[in-house]
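K.L.:
I need the structure of the sequence given here:
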Amino acid sequence: MSTLIASTRFSVLDRSRVREGHDGPRALRDTVRLAQEVEALGYHRFWVSEHHGVPGVAGSAPTVLAAAVAAATRAIRVGTGGVMLPNHRPLVVAEQFGVLESLFPGRIDMGLGRSVGFTDGVRRALGRGKEDADDFAGQLEELLGWFRGAGDRAAQRPGAGAPPPRVRALPAEGLRVPPFVLATGGGADIAAAAGLPLVIGDLKGRSKVLAAIDRYRAAFRPSEWSAEPYVVVAGTVAVAGTEEEAARLLVPEAWSQAYARTKGDFPPLAPPERIAGLAMTARQREVYESGLRGHVHGTEEQVRDALEEVVKETAADEILVTTSTYDRAALLDSHRRLARVAGLAGA
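P.N.:
Residues are numbered from 1 along each chain as shown. Predicted coordinates:
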C-alpha cells in the first residue's frame, strides 16, 4: 500500500439520494444504515448534506439527520457537509451544534457552506436571496463568536436604565465543535483568513482546485480552531471488480445531473440499464458524458494509483468520498474495496 494513502484519512459524505421505486423516508434510513456500515469499515467521519425542495435528495435538515446518525453509531465522527450558513441565523446554527456536541461529545463536526436555495422559489420560501451568500465571512465570524461566548448585546432592548442583557447561545457557549469551510467561490480565502480547515472538490477541475489549495495554504492564519492548514479533498470514488463495473456506478448520478440541468428538476437515481436505453437530447448527452468524466473509478489497483496521484498533487490530509449510485449493495461494495485500498482497520 502507498505510504501517501496510508497517512491520509478517508471519510464519507452521503447526500441521502432517493432511488427510483423508493421514497424520501427510505433514503434517510439508508443514510443511517450506511453510516453504521462505513463505521465498521474504519472510515474516519460520516457527513450528511443540506438540500431544500429537491425531489431526488431527502436530506433537508442536516443537524437532525446527524443526530440520528450519531445515535446509531458508536465512535465515527459525524457532521455536515454542510449546513448552508446563508440559509440560517448563526445563533440557531450554534445552538443546534451545541446540542449535538452535548449529546455526542467529541464526535461532532460543523461543516459549513455558503450556498443558498436551489431555485428562486426555494430561496423565497427560506426568506433568502442570492445576496445572502455575499456576507458568508461575516456570518461565519458571528457563528464562531457564539461558541466563544461573544453574545450579541444588541439582540435585545433593555428597559430604561437596565444593563444590556447578554444573549447567549446555549448549550454551545464554551464548547469545541470543529468548523470546516466548504469551498465555493472565495471559500478557500475565507477559510484561510479564519484559520479553519478547508473542504474542496471535486476532482474534475484539478487546476482550479490546486490553485485554491495553494492560496489557502499560503494565506492561512493560525486560529484557536486550527494551528495549521488542513485540506479535505472531496470527490466521487467508485471501486469495483472491473473498470467497466466501476464506470456503471457513475451512470445514475451523471444522468440525474443531466436531467436537472436541462429540465430544472433533480430526479431520483435510476438503474444504469434503464438510462442506457434513453433517447437524450444533444445537450443532455453533453452534460451526461461530462458527468462521467473526472472521477476516480476502477479496480482497487487502478483506484490506488489514481488516489496516490491525487494526494501527491494536493497534499490532502483527508479524502471525503461523495459517491452516489442506484445500486446500494454495489455502493457498499465500493466503500468496502476502497477501505482495503486505504488500509482501514475494518477492511
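K.L.:
and residue 324, its phi and psi?
P.N.:
Dihedral pair for residue 324: phi -130, psi 140, per degrees, to the nearest 10.
K.L.:
just the pLDDT for it.
P.N.:
With respect to pLDDT, residue 324 scores 96.
K.L.:
could you check how far it is from residue 12?
P.N.:
Per Cβ to Cβ, to the nearest Å, residue 324 is found 11 Å from residue 12. In short, each C-beta sits where N, CA and C put it, glycine included.
K.L.:
the two: which is more packed in?
P.N.:
Per other Cβ atoms under 10 Å, whichever of residue 324 and residue 12 has more neighbours is residue 12, with 26 against 21.
K.L.:
which residues does that one bridge with?
P.N.:
Counting by DSSP bridges, residue 12 is bridged to residue 46, residue 321.
K.L.:
need the contact list for it.
P.N.:
34, 35, 38, 43, 45, 46, 47, 320, 321, 335 (Cβ atoms under 8 Å, 6 or more residues apart in numbering).
K.L.:
and of those, the nearest to residue 55?
P.N.:
Nearest to residue 55 out of the contacts of residue 12 is residue 34 (Cβ to Cβ; 20.4 Å).
K.L.:
what kind of secondary structure is the closest one in?
P.N.:
Put simply, residue 34 is helix when judged by DSSP: H, G, I helix; E, B strand; the rest coil.
K.L.:
for it, which non-adjacent residue is closest in space?
P.N.:
Closest residue in space to residue 34, ignoring its immediate chain neighbours: residue 14 at 5.5 Å, by Cβ to Cβ, 6 or more residues apart in numbering.
K.L.:
so how many other residues sit close to that neighbour?
P.N.:
25.
K.L.:
compute the distance between it and residue 215, please.
P.N.:
Taking Cβ to Cβ, one finds residue 14 at 29 Å from residue 215.
K.L.:
also residue 60?
P.N.:
With Cβ to Cβ as the criterion, residue 60 and residue 215 are 32 Å apart.
K.L.:
okay, stretch 188-206 in PDB with CA atoms only?
P.N.:
Taking Å, rounded to 0.1, in the frame of the first residue of the first chain, the C-alpha atoms of stretch 188-206 are listed here in PDB:
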ATOM      1  CA  ALA A 188     -10.700  28.900   0.300                       C
ATOM      2  CA  ASP A 189      -9.700  32.500   1.000                       C
ATOM      3  CA  ILE A 190     -12.400  32.800   3.800                       C
ATOM      4  CA  ALA A 191     -11.200  29.500   5.400                       C
ATOM      5  CA  ALA A 192      -7.600  30.800   5.300                       C
ATOM      6  CA  ALA A 193      -8.400  34.100   6.900                       C
ATOM      7  CA  ALA A 194     -10.500  32.400   9.600                       C
ATOM      8  CA  GLY A 195      -7.900  29.700  10.300                       C
ATOM      9  CA  LEU A 196     -10.200  26.900   9.500                       C
ATOM     10  CA  PRO A 197      -9.900  23.500   7.800                       C
ATOM     11  CA  LEU A 198     -10.900  23.500   4.100                       C
ATOM     12  CA  VAL A 199     -13.100  21.100   2.200                       C
ATOM     13  CA  ILE A 200     -12.700  21.400  -1.500                       C
ATOM     14  CA  GLY A 201     -13.700  19.400  -4.600                       C
ATOM     15  CA  ASP A 202     -14.300  18.000  -7.000                       C
ATOM     16  CA  LEU A 203     -11.500  16.400  -9.000                       C
ATOM     17  CA  LYS A 204     -12.700  17.500 -12.400                       C
ATOM     18  CA  GLY A 205     -11.300  21.000 -12.400                       C
ATOM     19  CA  ARG A 206      -8.000  19.900 -10.900                       C
END
